[in-house]
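In: I would like to see how this sequence folds:
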Amino acid sequence: MLAFGMISPVTATSNVATETSSATENVLAQQSNETNTSTQSGTQECNPSSPPQLQQADLHTADEVIKEGSPGQISGSIVLDATAECPVRVQLTMNVPNNMYIEGSSDISSGGGGLITNTFTVHPGEAKDLAAEVYGTETGQHSVVTDITYFPVENKDMSREIDGMMMTFTVEEPTTSDGEGGDFPSTVQWLLGIVTITVIGLIAVVARRTNIKIRK
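Out: Below is the predicted model:
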């Protein structure tokens, strides 16, 4: 009985330890599976079987004629097909002439007189809106040319390109207004003309009266 009494507690402790160990292994295995699943769904572990397809890649302007120093609006969107296997990295490159500059938003950088580059990520089924303002500093026709390169994240070897998206602007001289004093010189000339005519008229009247008195 003494031997049994000593064996029984040891056996019970062993069972508890085994159950605890099994539970711990199950938890660790579950955490490992969750980690693997999370990694597989992440962007870095995505391995597409084919290059991505953009449902839409557009950049345009309705302001083909702008005033010097006044903005024209650039807008567009990038839409990745919902069936895409991976998120896509999009690189936007704008070639801006020296006599123009861009004031961009979160997805179009600001700058002028050269290349403006910005990169962002688009997820399957997502539409990324693009917006910016373009200014001209010299009259005439000037063009902004945009190139787009896109590829599945971490798979740049599958990159595709859309080149030569051109937006041409006619930049005109700024319009002056009365509030800015643009018509001030012409207004002064008009007033001087009236004064001149009035003075000439007075001289003529005085001369006429003088001639009448002389005849008397």
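In: State the distance from residue 71 to residue 135.
Out: Here residue 71 is placed at a distance of 6 Å from residue 135 (CB to CB, to the nearest Å). For the C-beta atoms, the positions are set from N, CA and C on the backbone; glycine is no exception.
In: And residue 81, by the same measure?
Out: 35 Å.
In: next one: residue 49
Out: From residue 49 to residue 135 the distance is 45 Å (CB to CB).
In: Which is the succeeding secondary structure element to the longest strand belonging to the chain?
Out: Using DSSP state E to define each element, the chain has its longest strand at strand 88-104. Per DSSP states H and E, strand 88-104 leads on to strand 111-122 as the next helix or strand towards the C-terminus.
In: Any chance you could list what contacts that following strand?
Out: The contact list for strand 111-122, computed with CB atoms under 8 Å, 6 or more residues apart in numbering, reads 43, 78-80, 87-98, 100-102, 104, 107-110, 128, 135, 150, 153.
In: Can you say which of those residues are buried?
Out: By neighbour count, with 16 or more other CB atoms under 10 Å, the contacts of strand 111-122 hold 78-80, 87-94, 96-97, 100-102, 104, 107-109, 128, 135, 150, 153 as buried.
In: Am I right that residue 126 is in contact with residue 80?
Out: Yes. Contact criterion CB atoms under 8 Å: residue 126 and residue 80 qualify, at 5.8 Å.
In: three-state assignment of residue 194?
Out: With DSSP: H, G, I helix; E, B strand; the rest coil as the basis, residue 194 sits in helix.
In: Look up the pLDDT of it for me, please.
Out: Looking at residue 194, its pLDDT reads 75.
In: And it, how close does it get to residue 172?
Out: Distance, residue 194 to residue 172, using CB to CB: 34 Å.
In: Which one of those two is surrounded by more residues?
Out: The neighbour comparison of residue 194 against residue 172 (other CB atoms under 10 Å) goes to residue 172, with 14 against 9.
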